[in-house]
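Peer 1: only geometry, no sequence info:
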């Protein structure tokens, strides 16, 4: 089948990072640029040959267009992957099979604006984490996609990384699970959404309440499941404000009737296997015209963050229904 033509709206580190796995390129050109060096480091780890790709490739894409508010970032993307630099997000959404909106360090507050031109054209769209900053914007993105027949996918690498699924399978060792814990992510929305997503992957969706603790709304969050039989009976703690961690590593713990289990690190050297899985799901979405991720779970990740901010402001637990209106 022909390559999926991609309009890359945003050319930050995540754009280059995903691009390495998506498209053929010259690693020497990638490495020549500051942003490219960071993307290069985790995909090319062969100690004896720096040109050997050591992460999984999903080479079913062709980045044909790119745009970024920073012209230099767009120029680098174009040089590495041979894309045409566009003058606007609108132009970048034309004549493509997929709109790809990467976001390494942003909070998602611009995603509705960036996704709108492509969605109104009916173009399948991938929105990097977080789907949006607020629940209202996240719902607006998905509603717009449905109205124009454009499937939308938004998922964190931590939702797809295989180590998360493997740890989920280990929960039976200590079942029933009374309490769960995720460590990592930091207090910015860009990293905090990873912690929420990893909790969804390991312990499951269906969060009913959120209570924030610590100096800000994203330091520590308790997720409550209302005692659901197949979720931790005493909830899950997201411990995000815990200081530096080795290569952005996350850790999971579960405590139950049979003892406790703890994951190994899930960090930068493991993430490429998660991003490859994300890309495989994107291929499925584009080829079938159907979203691969449950709508309610994409929205739940944003609702949890939204509820956390409200909880911090009000000094009490906030139920997700207060955010979603459900």
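Peer 2: Yes, it's here. Bear in mind that the values here come from a model prediction, so they are computed numbers and not experimental data.
Peer 1: please count neighbours and contacts with C-alpha atoms only from this point.
Peer 2: Fine.
Peer 1: residue 80 touches residue 30, doesn't it?
Peer 2: Yes. Applying C-alpha atoms under 8 Å as the test, residue 80 and residue 30 come out as touching, 5.8 Å apart.
Peer 1: surely residue 222 is in a strand?
Peer 2: Yes. Under DSSP: H, G, I helix; E, B strand; the rest coil, residue 222 falls within a strand.
Peer 1: apart from its neighbours in sequence, what residue is nearest it?
Peer 2: Nearest residue to residue 222, sequence neighbours excluded (C-alpha to C-alpha, 6 or more residues apart in numbering): residue 237, at 4.6 Å.
Peer 1: over to residue 189?
Peer 2: Take residue 189 and drop its neighbours on the chain: the residue closest to it by C-alpha to C-alpha, 6+ apart is residue 107, 5.3 Å away.
Peer 1: give me the low-pLDDT residue ranges for the stretch 1-150 of the chain?
Peer 2: By pLDDT under 70, the low-scoring segments of the stretch 1-150 of the chain are 1.
Peer 1: show me where it has its strands.
Peer 2: If DSSP state E, counting those that start in this stretch is used as the criterion, the strands of the stretch 1-150 of the chain fall at 4-9, 61-67, 84-85, 98-101, 125-127.
Peer 1: so who does residue 188 touch?
Peer 2: When the contact criterion is C-alpha atoms under 8 Å, 6 or more residues apart in numbering, the partners of residue 188 are 107, 218.
Peer 1: returning to what we had before: how near is the residue nearest to residue 222 to residue 176?
Peer 2: Distance of residue 237 to residue 176, given as C-alpha to C-alpha, to the nearest Å: 17 Å.
Peer 1: so for the two, which residue has more residues nearby?
Peer 2: In terms of neighbours (other C-alpha atoms under 10 Å), residue 237 is the more surrounded of residue 237 and residue 176; the figures are 23 against 19.
Peer 1: is it fair to say the more buried one lies in a strand?
Peer 2: Yes. Under three-state DSSP, residue 237 sits within a strand.
Peer 1: measure the residue nearest to residue 222 to residue 212 for me?
Peer 2: Distance of residue 237 to residue 212, computed by C-alpha to C-alpha: 10 Å.
Peer 1: again, but for residue 261
Peer 2: When C-alpha to C-alpha is the yardstick, residue 261 and residue 212 sit 25 Å from each other.
Peer 1: those two: which is more packed in?
Peer 2: The residue with more neighbours, out of residue 261 and residue 212, is residue 212; 28 against 16, by other C-alpha under 10 Å.
Peer 1: now do the contacts for the more buried one.
Peer 2: Listed by C-alpha under 8 Å, 6+ apart, the contact set of residue 212 reads 218-222, 308-309, 311-312, 315-317.
Peer 1: follow-up on the earlier one: what do residue 237 and residue 212 both touch?
Peer 2: Taking C-alpha under 8 Å, 6+ apart as the contact criterion, the common neighbours of residue 237 and residue 212 are 220-222.
Peer 1: going by neighbour count, which of those residues comes out on top?
Peer 2: residue 221 (28 neighbours).
Peer 1: doesn't residue 209 make contact with it?
Peer 2: No. Taking C-alpha under 8 Å as the definition, residue 221 is not a contact partner of residue 209, at 10.0 Å.
Peer 1: so residue 164 makes contact with residue 156?
Peer 2: No. At 11.9 Å, residue 164 and residue 156 do not qualify as touching, with contact defined as C-alpha under 8 Å.
Peer 1: and residue 66, how far from residue 145?
Peer 2: With distances taken as C-alpha to C-alpha, residue 66 is found 21 Å from residue 145.
Peer 1: buried set for stretch 120-129?
Peer 2: Using 16 or more other C-alpha atoms under 10 Å as the test for burial, stretch 120-129 gives 120, 122-129.
Peer 1: how far away from the center of its chain is it?
Peer 2: Using C-alpha atoms, centre = their mean, to the nearest Å, the distance from the centre of stretch 120-129 to the centre of the chain it belongs to is 14 Å.
Peer 1: what does stretch 3-12 contact?
Peer 2: Residues from elsewhere that reach stretch 3-12, judged by C-alpha under 8 Å, 6+ apart: 15, 35, 60-69, 73-74, 77, 89, 92-94, 96-104, 114, 286.
Peer 1: one more time with 7 Å
Peer 2: Judged by C-alpha atoms under 7 Å, 6 or more residues apart in numbering, the contacts made with stretch 3-12 from elsewhere in the structure are 60-68, 73-74, 77, 89, 92-93, 96-104.
Peer 1: many thanks, I have nothing further to ask.
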